[in-house]
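> got a predicted structure here, sequence first:
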Amino acid sequence: MDELTAEVVVAGAGPTGLMLANELALAGVDVVVLERLAERTGLSKALNLQPRTAEVLDLRGLLGRAERRSFATVGEGHFAMIPVSYAGWDTRHPYQLGIPQAQVEAALEERLAEQGVKVLRGQELKEFTQDEEAVTVTTTTTRIRASYLVGCDGGRSAVRKALNLPFEGIDGRGHGVVADVRFAATPPGAQSEWRSMRDIVTADGIGKYTGLIPLSEPNLYRLAYGDRLNRPANLRAEVTDDEVRDVITKTYGAETKVEEIRWASRFGDDSRLAARYRVGRVLLAGDAAHTHFPAGGQGLNLGVQDAMNLGWKLAATLKGTGHKDLLDTYEQERRPVAEAVVQNVAAQSALIPSTPELLALRKLFRAMSELPQAQHYLSGLISGLSITYPADENAHPATGTRLPDFKTKTGNASDWFHKGKFVLLTTTETETESSHPNIKVAVVDNLPWPDVTRALIRPDGYVANTTGETEPWLT
Ligand SMILES: Cc1cc2nc3c(=O)[nH]c(=O)nc-3n(C[C@H](O)[C@H](O)[C@H](O)COP(=O)(O)OP(=O)(O)OC[C@H]3O[C@@H](n4cnc5c(N)ncnc54)[C@H](O)[C@@H]3O)c2cc1C
C-alpha cells in the first residue's frame, strides 16, 4: 500500500471537488484529489452555469475558460419551466451559460493541473478514520494521512454514509429522464439554437412534461421528460432506446426521425439534505451534502458555490490565520442555502400540475410570474444572486450580501479577487496596505453603497463588514 500525506484530501473530482481543490491550491494548501473513475466519462448531467456561478468563476479569473467551452448564452432561467429573466439584477452576467458539465470539469481540472495538482484517478475512497490530529483515508491502493477530508463524492457519498449522518428531506413520487438525441432534422416546434427558455419545455398532460434543449451540434438535443406522479419500480433500470423513441413519437410526431441516442439516464425526484456538513475533521460539499430533482438547473451551481465558501475557510484554518470558529460558518451559511433550494425545487414540482385544479393554479402562477417583481424574485432564487449570509442585527444592510462587480480604473472589481484574498475597499487614498497578509487593499472613488466608505469583502465575494475589522473571520 502506498503511503501519502497531505493537508486536505478531496474525495471526488466532480465540479465541487475540482473547484474546492483549486481554491485550496490557490491558498497554498497541499491537496490530494481522489477520483474513483479511471477516466472522465465525457457525459454531462448539468448543462448550465447560473449567473452567480459565473460571478464566482470570474472572481478567480476562470470564467473565460468556461466561456470558451460553452455553446450558448441564454438570457433567462426557468422556474417550473416558466421562463424567468435575470435582466433586473445588478450583475455583469445576467444569463445562463450553456456548457456541458464535462466541460466545466475539464476547465477546472486544467486550472488545477496548472497549479501543480493532479487528480489521482482510479482511486476510490474505501474507508477513513479520524482522531483529534488527523484523518486517515484508505483507497484501493493508497493510505493518506491528512488534516482534513472533504467528501465531494456525489449523491451516494461514501464519506457521508461512513459518517452515519441522516440524509432526509422530501420523498418524491416520480422520475425524470434525460437523453442526448440526434435527429435527422430540427423537430417541430424546437429551437435550433439555445437562446431562450421559451418553448424549451412544456408541461403537457397531468403530472407530465417534455422538452428539448438544442446542444452544440446541429440537430443534437437534450431531451428531458418526466412524470412526477409515477415512478418505475427500478429507478436504476436502463432507459431503452424504444422508450425514448416512443416518447419522441408521441410528443413530436412519427415523422420526427431519430438518428442516434447518445446516452440516456433516469433519476428520481427525492430531495435530501445531510443533517450536518461537518463532523470533526471531515466535511461534505456538493451533492454529497444535498441532492434534489434538477429543476431550474441549480445542483452543480450549488456545489461550486459550496466549494467557494469552504475553500478559503479551510485554507485559513489550516494556515492559522482563520478565526477559531471560522470553519463552522461553512455549514451555518451553506446548509440554509441548500435547504432553500430543496424548497424551491419542491415548489417547482408542485407546479407540474397533477390535477385540473393545479393546472389552473399553474396558469395563474404563470401569469403572475410575468410581473417584474415576481421575475426578480424567482430569478434570484435559481440564479444564486439573492443569496445572503447571516449578519449581526446592527450591521449595515450590505453585510452578508454579494459585492456586485463594478468597473475600476484598470478593469473590474472582480479582478482583485483572483488570488483568493480578502479585499478591503476604501475611499481613503492613503490607506494602501493592510498589515494582515490575507487582505488586499483597493482604493476606490465610491463603493456600491452610497453611505459606505470602507468595506471588507471576503474571498468569495460577500461583504464581511463595512468597518474593515477582521473579527470574526481572521486572527
Ligand atoms: C439528469 C440530471 C440533470 C442535471 N442538470 C443540471 C443542470 O442543468 N444544472 C445544474 O446545476 N445541475 C444539474 N444537475 C445536478 C448536477 O449534475 C450535480 O449537482 C453535480 O454533478 C454535483 O457535482 P458534485 O461534484 O457535487 O458531484 P458529482 O458530479 O456526482 O461528482 C462526484 C465525483 O465523485 C466521484 N466519486 C464517487 N464516489 C467516490 C469515492 N468513494 N472515491 C472517489 N471518488 C468518488 C464520482 O466518480 C464523481 O466524479 C443535474 C443532475 C441530473 C441527475
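Done, it's in.

> how is Leu385 assigned, secondary-structure-wise?
Three-state assignment for Leu385 (DSSP: H, G, I helix; E, B strand; the rest coil): coil.

> just the pLDDT at it, thanks.
On the pLDDT scale, Leu385 is placed at 98.

> just checking, Arg228 touches Gly268?
No. Checked against Cβ atoms under 8 Å, the pair Arg228 and Gly268 is beyond contact range at 10.6 Å. Just so you know, the C-beta spots here come from the backbone N, C-alpha and C atoms, and that holds for glycine as well.

> overlap in contacts of those two?
The contact sets of Arg228 and Gly268 overlap at Gly172, Gly174 (Cβ atoms under 8 Å, 6 or more residues apart in numbering).

> more neighbours: which of these two?
Ranked by neighbour count (other Cβ atoms under 10 Å), Arg228 and Gly268 place Arg228 first, with 25 against 17.

> get me the contact residues on the stretch 101-250 of the chain for the ligand.
Gln101, Glu124, Leu125, Cys152, Asp153, Gly154, Ala158, Val178 (Cβ under 6 Å from any ligand atom).

> pretty sure Gly280 contacts Thr129?
No. Taking contacts as Cβ under 8 Å, Gly280 lies outside contact range of Thr129: 10.7 Å.

> outline the domain layout of this protein.
With domains defined by automatic domain parsing, the chain comprises 2-168+272-344, 175-268, 392-475.

> for Ala185, what are its contacts?
Contacts of Ala185 by Cβ under 8 Å, 6+ apart are Asn219, Lys257.

> with Tyr225 as the reference, measure out to it.
20 Å (Cβ to Cβ, to the nearest Å).

> Asp241 - how many residues pack around it?
Asp241: 14 neighbours (other Cβ under 10 Å).

> I'd say it and Ile261 touch.
Yes. Using Cβ under 8 Å, Asp241 is in contact with Ile261, at 5.2 Å.

> point me to the helix or strand that includes the one residue in the stretch 351-475 of the chain that gets nearest to the ligand.
In the stretch 351-475 of the chain, the residue that lies nearest the ligand is Ile382 (9.4 Å; Cβ to the nearest ligand atom). Element membership of Ile382 [criterion: DSSP states H and E] is helix 372-383.

> ok, residues contacting the helix or strand that that helix is followed by?
For helix 372-383, the following helix or strand on the C-terminal side (DSSP H and E) is strand 422-426. With Cβ under 8 Å, 6+ apart as the test, strand 422-426 has contacts from 403, 413, 416-417, 431, 434, 436, 438-444, 447, 453-459, 464, 468, 473-474.

> swap the cut-off to 7 Å and go again
416-417, 434, 438-444, 447, 453-459, 464, 468 (Cβ atoms under 7 Å, 6 or more residues apart in numbering).

> poorly predicted segments of the stretch 101-250 of the chain, please.
201-205 (pLDDT under 70).

> in it, which spans are helices?
For the stretch 101-250 of the chain, applying DSSP state H, counting those that start in this stretch gives helices covering 101-114, 158-162, 241-252.

> and the shortest one, which residues are buried?
Of the residues in helix 158-162, those with enough neighbours to count as buried (16 or more other Cβ atoms under 10 Å) are Ala158, Val159, Arg160, Ala162.

> same thing with the longest one?
In terms of neighbour count (16+ other Cβ under 10 Å), helix 101-114 has its buried residues at Gln101, Ala102, Gln103, Val104, Glu105, Ala106, Ala107, Leu108, Glu109, Arg111, Leu112.

> how about the contacts made by the fifth one?
Right, the one you point to is Glu105. Glu105 sits next to Gly14, Pro15, Leu18, Arg40 when contact means Cβ under 7 Å, 6+ apart.

> where does the last one land in three-state SS?
Three-state secondary structure (criterion: three-state DSSP) places Arg40 in coil.

> would you confirm that it contacts Ala102?
Yes. The criterion here is Cβ atoms under 7 Å, and Arg40 meets it with Ala102 at 6.4 Å.

> if I look at Ala346, how far off is the ligand?
Between Ala346 and the ligand the computed distance is 16 Å (Cβ to the nearest ligand atom, to the nearest Å).

> confirm that residue sits in a strand?
No. Assessed with three-state DSSP, Ala346 is helix; it does not lie in a strand.

> quick check: end-to-end length of stretch 425-441?
End-to-end distance for stretch 425-441, by Cα to Cα, to the nearest Å: 6 Å.

> and that stretch, how far out from the chain middle?
31 Å (Cα atoms, centre = their mean, to the nearest Å).

> same thing with stretch 415-433?
The answer for stretch 415-433 is 27 Å, by Cα atoms, centre = their mean.

> kindly report the same for stretch 115-128.
Centroid separation for stretch 115-128 versus its chain: 21 Å, with Cα atoms, centre = their mean.
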